[in-house]
Every structure is written in C-alpha cells, then in structure tokens.
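Student: sequence and predicted model, in that order:
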Protein chains: 2
Amino acid sequence: MQTSQELYITYTELLQKAADLYYASAVLQWDQETYMPPKGAEHRARQLATLASQAHEMLTSDAYGSLLNELATRNDLDDTAKNNVRLSAEDYTKNKKLSPEFVEEMSKLTSECFNAWIEARKKNDFTVFAPSLTKMIALKKRQAELYGYTNHPYDALLDEYEKGASVAILDPVFSGIKEQLPVLLAQIKAATQVSCECFHQHFPKQQQWDFSIDVLKSMGFDMEAGRQDYSEHPFTTSFSPADVRLTTRVDEENYASLLWSCIHEGGHGLYEQGLPEEQYGLPLGAATSLGIHESQSRLWENCIGRSKDFWLGFYPKLQQYFPEQLGNVSVATFYKACNKVEPSLIRTEADEVTYHFHVLIRYEIEKALIEGSLDAKDLPAKWNELYTKYLGVAPVDDKTGVLQDVHWSHGSFGYFPTYTLGSFYAAQFYHQAQQDISGLKEQVRAGQFGPLLQWLRAHVHQYGRRYTSEELCTRITGKGLDAAYFMQYIQDKYNDIYEIKGKQ
Amino acid sequence: MQTSQELYITYTELLQKAADLYYASAVLQWDQETYMPPKGAEHRARQLATLASQAHEMLTSDAYGSLLNELATRNDLDDTAKNNVRLSAEDYTKNKKLSPEFVEEMSKLTSECFNAWIEARKKNDFTVFAPSLTKMIALKKRQAELYGYTNHPYDALLDEYEKGASVAILDPVFSGIKEQLPVLLAQIKAATQVSCECFHQHFPKQQQWDFSIDVLKSMGFDMEAGRQDYSEHPFTTSFSPADVRLTTRVDEENYASLLWSCIHEGGHGLYEQGLPEEQYGLPLGAATSLGIHESQSRLWENCIGRSKDFWLGFYPKLQQYFPEQLGNVSVATFYKACNKVEPSLIRTEADEVTYHFHVLIRYEIEKALIEGSLDAKDLPAKWNELYTKYLGVAPVDDKTGVLQDVHWSHGSFGYFPTYTLGSFYAAQFYHQAQQDISGLKEQVRAGQFGPLLQWLRAHVHQYGRRYTSEELCTRITGKGLDAAYFMQYIQDKYNDIYEIKGKQ
C-alpha cells in the first residue's frame, strides 16, 4: 500500500500539472487582451479551448477521483494536506458535472463572445454582440442545470464566484442598499456640491503611467514579480505568485480612469503576490473567493486611495508630475474631487455610493436573463430603464451603456455581486486593521504601507482557500459580514466631505 | 470500417490539438522573452515543461501510431492528405525515440538555461551560464544517441533543423567558405575602405521604431496578423499564420542594430504569414526547414534591404525621420555604409562576407562539443582562438563573445549552419526571381514589394513542408543548392562597392 505521503505527492503533481495548463491559458488570455493582433483571435480561441479541455480531463479523470477518495480516508496527513484534499474533492464533484464537450464549447464561445464584444464596442453597436451573448446565456443556463440548484438557477452561477452566495442571501443585501443608500444620496444632493473639474484636464499618458508605477511600488507591489500593461478593460491575472499581471487603461482627458483602476488592480495584485508560493496549483495556493479578492482591491482603492491621509502624503508628488494641471489645486479640493458623488453611467468610474446601484442593476439583469424572464435582445432597453430608475441617468449609446463591461463576454454571470460584497468586506476589514495597527493613519499619510500589507498578508493572503469568506471574516473581525461597517464608513466619510450635519 | 475521410478527420483533430499546445508554448516563450518579470521564470519553466510533455504524449501515443499506419494504407486520400500523413509518420517515428521524461527534462532545462544566459549576460560572466550549459550539452548528446546516427552524433541534431544535413555534407560547404571568402576579403582589404560612421550617431529609439514599422508594412507584413516587440535577442515566432510575432532590439548609438534585425525578422514573418492557414497544425502548414526559413529572412535583409535599389527608394523617407543625422549623408555613402565589410565580434551585426566565418566558428565548436572533444568550460578560450584565427579579432568580454547568441541556451545545437544555407538559398532564389519577375529592380526602387512577395508566396510559402529544401530549390531554380550563386552575388556586389577590378 502506498503511504499517505506518496499518495499526496501524486495528487500534488497531478494538480500542479493541471495548474500549469490553467496558467498557460491565463497567459494566452492576458496576451489576447493586451497585445494580440486582431486576426489572431480565431486560432487563439481554439488554443484556449484545447487547454481548457486538457485541464478539465485531468481534473475529472476517474483515477484522480479514486486518488481523492483514498486520500480522504488517510488520517496521517498534516492539516495543510487535509485541507487541500478536502477542497479538491469539492472541486472534483463540481467539475464532474461538466462534460469535456461542455468545457470546450464554453471556452470557444468565450473567445468568440469576447471578440464580438470588442468589435461591438468599436462599432458602438450592441447588435454586433447580441448573437454571441444569446448563445452565452443559453450555455450558462445549461451550466446552471448541470451544476444543479435548489431555489434559483442563478444560485448555481453565483456559487461559482462566492461559495454559498445565492439569491436568497443577496436579495436582502441589495434590498438594504435600495433602502439605505438613497437616504445618503439625498443628503449629498441637498449639500453643497463638490467639483471634480481638476480631473478633467489634459494629463499626458506617460506621466499618468509613471505616477501609477510610483504608487504601485509604494503599495508594495513587487515589480520583479509582476508588471502593468494596457488593455481595453482593466484586469488582474497571475501565472504564479511570482508573475502577476495588472492592466489599466488611460484617458488623457480624464485622469480618474487610470488612477483608480491602477490602485484597484494593484490591490488585487498584492493579494496574488501574497498567496503562498509553495502551494502553487493547490487550493491553499488560490484566492478565497472573488468577494475576498475584491475586498483587497477595494480596501486599497477606496479605504486607502480615496482617503484624505493618502493624498496628504502623495499629493505633492502628484503635483510634481502635473504642475500645470494641479499646481494651483489644493489638496483639500483634490481630495473632495476624488470622492465626488454623482450618479453616472460607467460602473468602473462610479463613486463609492452610487457604485452599488450599478451592481444592483447588473444583479437584477443577470437574475432575469438566467431565469429566462429577459431576452438578450431586450437588454439595452432594460439597461436604460434600470439606470433611469435607480440612478436617474440614461446612456446615450451602447458603449456607455450595456457594452461597458467585459464580464458577460467572458461568461462571468454571477460575478458582479462580488463587487458589492468586496466593498462591504473591505470596510469591515479596514475597520479592524485600524484597531490592530497602531499608527496606521500616520503611516498612510507618510506613504508607508508596509505594516498594512503585512497585516493583510498575515490575516488574508497567506490562507488561500483554507477558510470560506465568512470563516475568514469571522477570524479577522470576530463576526461574519455585517453591512453596517460599510454604511458607517461611508456615512462618516461623506458627512465630512459634504459637511452633512448628523443623520436626518 | 471507417472511411479514409473519417480517419483523416480524426488525424487532423489530434494533430491540431497538439498544435494548440505547441502554439500555447510559443506564446509563453514569446512572453518569457518580451514581457515576463524576472521572478516569473521558475514557474514558467514548469508550465512550458508540462505543455511540452502533454503535446509529446499526444504525438507518441500508440493510438496515434496505429492511426498513421492505417492511413498509410489508404489510397483514396487526396494528394495533400497523403503528404501530411507521410510527413507525420516520419515525425512520429522520430518523436517516439524521445521518452516523455526526456521531453519534460529538456523543456525544464531549456528554461533554466535561458534564464542563466540572461543572468550571465547581465553580469557579463560566462561562468554564470556554464553549469546550465554543461547540463544542456549532456542532454543534447543523449538526444543524439536517442535519435541515432551513422557517422557523427552532431548529424542527429543537424537533421532536426535541416532534414538531410550532416557533417559529411556541411564540412565541404564550410571548406568552400574557408577557401573562397578569404580571397574576396583580401580584395576588399586592399581596396579603399568605406565608412559606416553615419550609422554610429544618436538615433532616438522612437523614430527608429517608427521607420521600422513603415518598412515592415511596405514589405507586406500584415500588422493585423502580427506585431513587433522588443526582446534581448531578436526572433520570430508565430501562433498561427494570422498571429506572427517579430522582436527586435534597439541601440540608440548604432542604428544598424534595429534596422537589420527588423528587416531580417520581417522576412521570417512574411514566410509565417504566408503558410496555408487551412493546414494549421499539419505538416503542410509548417515551414520547410530552417534553411528555407532563413532564405526568406536573408533574401529580404540582404538581397533587398542592403541593395542599392532599396535605398534609392527608401532613403529620402529615412532622411525625413533623421534629418539631423542623415540630412547631409548621400544615398551613395549610406548604401556603402550598409555594406561595409569588416571582421567584427557580433554575428548578428556582421556583413554578408564575414558573417559566414561567424557561422563556421559556431559549427566547429558545436561539432566539438557534441563529439566531446571540447568542454563547456573551455568554450570562451576556444571561441577567442577561433575568432582570432578566422576573423583576426578577439572579444574583450563574454557579452561580445561567447554569450552573444541565445541559441545554446535554447538547446539549439545544429541551428547555426542553417544561417549559411539560408544565405546560399537566398542568393539562388533571388537570382531566379530576377529572371521571373519583370521590372523587379524598378519595383524595389519604388518600394513596391507586392510582386516579389507574391512570387515567394507562390514558389515557397504555400507549400509548407510538402517538399524538402532540395526539392523546393530544384522546383524553383532547376537545380539543388549551388553555392556558386552566392559567391557570384557577393562578388558582383562588392566589386561595385569597393571598386574591385575583376578577379585577382
């Protein structure tokens, strides 16, 4: 009989080979969205499909299933090994529900759909995207059926990104948003408005880029183990904790576009760089969930990057990069500009308050698309209706409307809600960090992020998937996700910025 | 019984899946040499190894072997299919000689070796590279034994890049060089020297780049189906005929570095873009041989890019990019500068005459390393000895000496001779093109390369591996490779440039 250690090595080797294929796909996808020439799309799609099906084959083989069953009976494995085996068994059960043909079809369709989205954006025409998207929705419905669900087909897809998430859990979360945020929004509307004019000047591309690299380095992003490039839609991917790729985009007439995406993706990147390298390819080497991933990007983007202390430290440097544009703008004015609240069309450029309406709209649309009460062809009309309802604004075209996000072209239905969960976790974690790290405020003001990064490494990054989001949150803060932290954070912040006197 | 057509489809699907993995590796390698951050190297190595072993497994499976055997008996396949099957059977026999473990070991060592080479170049220290190189040489010797050979172990490696090449064939080729080129070199030395001073001025990076893109577009390189980036060592790779990647390098104080590598790699790139896309992953979709590949890069680089007619057309444009540097340099002076003959240290920057001594030196060294008469540790001394012997110059350090080429770090032993074969094929093909295309000289002068590209597409590119190099050469020129064409071409050219009066 093979020893547990021998079996575990066999398991590790198999899983790491599958990870090699998975990370190879990630390289091909990164290239597809950064540098690939347009005619490369067709063959790239088949290459990605083959990689996906090869990895899927490895991870669903009967031999691997037997190995996991055998390992599950071994009590002499250490704690790390037991956790890896437990999580792999869960993954195996889930993976087995999708046939190799399904996986290959999904991979091919994803590439087709992504390229249709790029093309549709170029032409500013949703109808270019609609046929591929319709196929994608049909395939996602099939996927939900294959995974199975108790209450709502959308649950099966939500669980993919945030284990345990469901319509039953999220409906109340978004109801809370619908109840509480309009109150704050009304207070803000009634107050003296702040201006973000200073962002809308000409900011040359190269200086924007250079400052973004300075910020990433200050945050602790290791440029020897990662890099930043441009893409249509900012994202973070990694090929190991030692090779993490961020992308950003630039608008020379709107500095906000690059600045926030850089800090946001930088937060994701720090998480990826902080995952335990020795757990490469194993569950404990992967991020907890998308919600927790997003908590990292939002903590850096919002709690840090949009804080007064951050700019008290960084603003003089920024003024050196842009003396003409910002030389006569005070840090107080700039800080307020960073946090102007105003209903708008583009999710990724929204402020911290209205942002969650953008997510809510997508949540309602996805739920409707997956349950079949909404057709892809009716999406732009529905989109415009909901934007008018919740934000009081309506897109002038598809590019600023229904075509703005890459997610659906990737088949990522169920992903958007993790953005809101991420913001809520971020507020709760940051509240705890302020209690745990003495002098954090002063450190942020001094641009010294080492202690914060160490705290995140110790409390979040190092664990990989060992704990669920809720377990992790409880370990860190003493309780599960509580939206009250976010509501308090946001109320305090905007009371100050908009000089709101107490609650109404 | 399955029909031949059904079997052929099964064969095609299998081969194209293996190609997907192969091209995925190519993307990972391209990224490794262009954008990958340094710490990404370790995991990249294992990812490449896994892809290589997966592809190798597919291409050496018994099921695939049986399929090829069965297909070989079918007479109702069309000519294209028969050729694919015939060549795949040859490949299969060869691939079966390497075990999966060997392939994985080679892939891992290649990444290790490449990174050691990068590191060694940074430190300008061969000893940093030596341990990995020693392992690589040992592995190449094992590979030669596994492939088998009749006369010399190096033959087994040569055949990898140029089917049929061997020490018995190449020794006389290089003897010819050793006899004939010194005569021309002596004539040139005795003549009034030309100056290449105009290349050694400050040429800003961006303008160099912009002109190179202009040239590539004029050559007919499709920028929608390819791109150019920077790397340590220029190379061309492709992920399909619709996604061809060129790399170049830049030296702001020496314009020659970027200019020639761009046109050279552009020639390779045109070949890759010209391969039949419908034969993706099949033998008829791949290049004939490295020698023929090199004939394309050299025809463009030398026969075109270093010709008087080319610069009569392009020089005014170049002057517009660099008015300060070249405004007062005549086209006659510039043309001579493009073709200055002078023994030097760097192969890739050598002129058309001395270039072949650089290849000769590497040929002699590789032969010695593989037969075991030379140790890796003695390489720098041997290198310097041969450079002194054949070129009368000796490197001042490792970077300008034994560390200059990437090839050995890739395990590419047997590759260098194809450069000389390529030059010889190029001269012979170009001689034929001048006869076949009426007005070619005037077209080159007008920067109109369409007819030449069409001629190359029709005579070389479209066939893939259908013919061997020698068969292809015979189809195009009526006979196999004949070094006399190159010798005549080079004699005529330099007689003109150096005003040499007839043969001595």
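Tutor: Done, it's in.
Student: for the closest residue to A:Y8 other than its chain neighbours, grab the count of nearby residues.
Tutor: Once flanking residues are discounted, A:Y8 sits nearest to A:A81: 5.3 Å by Cβ to Cβ, 6 or more residues apart in numbering or on different chains. Glycine gets a C-beta too; all of them are placed from N, C-alpha and C. By other Cβ atoms under 10 Å in any protein chain shown, the residues close to A:A81 number 20.
Student: A:A81 touches A:L15, doesn't it?
Tutor: No. Using Cβ atoms under 8 Å, A:A81 is not in contact with A:L15; the gap is 11.8 Å.
Student: distance of the residue nearest to A:Y8 from A:S66?
Tutor: 17 Å (Cβ to Cβ, to the nearest Å).
Student: residues contacting A:N302?
Tutor: A:E352, A:S423, A:A426 (Cβ atoms under 8 Å, 6 or more residues apart in numbering or on different chains).
Student: ok, those vs chain B, which is closest?
Tutor: A:A426 (26.9 Å; Cβ to the nearest Cβ).
Student: so that closest one makes contact with A:G291?
Tutor: No. Counting by Cβ under 8 Å, A:A426 does not reach A:G291; the two are 9.9 Å apart.
Student: which residue ranges of the stretch 151-300 of chain A form strands?
Tutor: A:226-230, A:236-240, A:243-248 (DSSP state E, counting those that start in this stretch).
Student: make JSON lines from these and add distance to A:Q435, mean pLDDT and mean neighbour count to it.
Tutor: Below are the strands of the stretch 151-300 of chain A laid out as JSON lines (distance: least, Cβ to Cβ, whole Å; pLDDT from 0 to 100; neighbours: other Cβ atoms under 10 Å in any protein chain shown):
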{"stretch": "strand A:226-230", "distance to A:Q435": "30", "mean pLDDT": "98", "mean neighbour count": "19"}
{"stretch": "strand A:236-240", "distance to A:Q435": "28", "mean pLDDT": "98", "mean neighbour count": "24"}
{"stretch": "strand A:243-248", "distance to A:Q435": "29", "mean pLDDT": "98", "mean neighbour count": "26"}
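Student: can you pull out the low-pLDDT segments for the stretch 351-500 of chain A?
Tutor: Along the stretch 351-500 of chain A, no part satisfies pLDDT under 70.
Student: show me what from the stretch 251-400 of chain A comes close to chain B.
Tutor: A:Y280 (Cβ under 8 Å from any Cβ of the partner chain).
Student: closest point of the stretch 251-400 of chain A to chain B, which residue?
Tutor: Counting by Cβ to the nearest Cβ, the stretch 251-400 of chain A gets nearest chain B through A:Y280, at 6.6 Å.
Student: pLDDT score assigned to that residue?
Tutor: A:Y280 carries a pLDDT value of 98.
Student: quick check: it vs B:T50, distance?
Tutor: 12 Å.
Student: kindly indicate which of the contacts of A:N302 lies nearest A:I304.
Tutor: Set against A:I304, the nearest of the contacts of A:N302 by Cβ to Cβ is A:A426 (9.8 Å).
Student: got phi/psi on the residue in the stretch 301-450 of chain A positioned nearest to chain B?
Tutor: Nearest residue of the stretch 301-450 of chain A to chain B (Cβ to the nearest Cβ) works out as A:H410 at 18.7 Å. With angles defined as degrees, to the nearest 10, A:H410 sits at phi -90, psi 0.
Student: take the strands of the stretch 151-300 of chain A and lay them out in TSV including distance to A:Q296.
Tutor: Output for the strands of the stretch 151-300 of chain A, formatted as TSV (distance: least, Cβ to Cβ, whole Å):
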stretch	distance to A:Q296
strand A:226-230	14
strand A:236-240	10
strand A:243-248	12
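Student: that concludes my questions; thank you for your assistance.
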